[in-house]
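Asker: next come a sequence and a model predicted from it.
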Amino acid sequence: DVKVTQSSRYLVKRTGEKVFLECVQDMDHENMFWYRQDPGLGLRLIYFSYDVKMKEKGDIPEGYSVSREKKERFSLILESASTNQTSMYLCASSLSSRRGTNNEQFFGPGTRLTVL
Amino acid sequence: KQEVTQIPAALSVPEGENLVLNCSFTDSAIYNLQWFRQDPGKGLTSLLLIQSSQREQTSGRLNASLDKSSGRSTLYIAASQPGDSATYLCAVCTGGSEKLVFGKGTKLTVNP
């Protein structure tokens, strides 16, 4: 079974702090994704990585950066946390469709971040 | 730009009823369509994935269908149970992209 883990289930930070959210997958997936989920707005893609050190902006990248130094790990960084970044953050991974297989996405349990 | 719509936003049914959840999308050039379940405060669980060349997929009491030409998919749940209560999300992967476009979900409540 594919397993996607996230470093924290709940996190409370103060405005202006630098925040790191970590995601690890154990199935050798090429693709990794960071989403945020807010009531009424649904899931929105923040960043996407299709290979080590490769990244692509999603729909709402402002205020975020990412790092992918190893294939299994994808980090989301809030350089200076703000209250409007309070949200549920979800990580996902999938195989690349270039392999000729389906690129089913598998999700982690989520991190509920509160910025005070 | 691909848009995904799920109607209704919420649905309440008595236990044992068969039900259908709907998903529509605007661009028929999809690679696949995925149905997920989300319990409150949790991540998404993948239920079914239908490739663009397929018409339906089944898993247990769940059956998902795909009609690409009309831009529609349905998720059929047979003999619903209280444990089926959750939010169900539909997402499409457009051809040439690895990314999913999500609907906002249907919140299902199955009453005992």
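Answerer: Happy to help now that I have it. Residues are numbered from 1 along each chain as shown, chains lettered A, B, ... in the order given.
Asker: list the strands paired with the helix or strand hosting residue B:47, with their directions.
Answerer: Using DSSP states H and E, the element containing residue B:47 is strand B:44-51. The strands beside strand B:44-51 in its sheet (DSSP bridges) come out as strand B:30-38 (antiparallel).
Asker: can you pull out the residues in contact with the strand of greatest length in chain A?
Answerer: For chain A, the strand that runs over the most residues, judged by DSSP state E, is strand A:42-51. The contact list for strand A:42-51 (Cβ atoms under 8 Å, 6 or more residues apart in numbering or on different chains) reads A:30-38, A:55-61, A:64-66, A:68, A:71, A:74, A:76, A:90, A:96, B:89, B:98-100, B:102-105. To be clear about C-beta, it is placed using only N, CA and C from the backbone, and glycine gets the same treatment.
Asker: where does pLDDT dip in chain A?
Answerer: Within chain A, the segments meeting pLDDT under 70 span A:1-2.
Asker: count of residues packed around residue A:94?
Answerer: Neighbour count of residue A:94, defined by other Cβ atoms under 10 Å in any protein chain shown: 26.
Asker: phi, psi for it please.
Answerer: The phi and psi values for residue A:94, taken as degrees, to the nearest 10, are phi -160, psi 160.
Asker: residue nearest the centroid of chain A?
Answerer: Centrality entry for chain A: nearest residue to the mean C-alpha point is residue A:34, 2.5 Å, by Cα atoms, centre = their mean.
Asker: tell me how far it lies from residue B:15.
Answerer: Distance, residue A:34 to residue B:15, by Cβ to Cβ, to the nearest Å: 37 Å.
Asker: wait, the residue nearest to the centre of chain A sits on residue A:78?
Answerer: No - applying Cβ atoms under 8 Å, one finds residue A:34 not in contact with residue A:78, separated by 10.9 Å.
Asker: name the residues of the strand holding residue B:47 that are buried.
Answerer: In terms of neighbour count (16 or more other Cβ atoms under 10 Å in any protein chain shown), strand B:44-51 has its buried residues at B:44, B:46, B:47, B:48, B:49, B:50.
Asker: show me what the last one bridges to in the sheet.
Answerer: It stands for residue B:50. Where residue B:50 sits in a bridge, its partners, by DSSP bridges, are residue B:33.
Asker: neighbours around the residue nearest to residue B:98 when sequence neighbours are not counted, how many?
Answerer: Distances taken as Cβ to Cβ, 6 or more residues apart in numbering or on different chains place residue A:31 nearest to residue B:98, at 5.1 Å, with adjacent residues excluded. The local packing of residue A:31 (other Cβ under 10 Å) involves 21 other residues.
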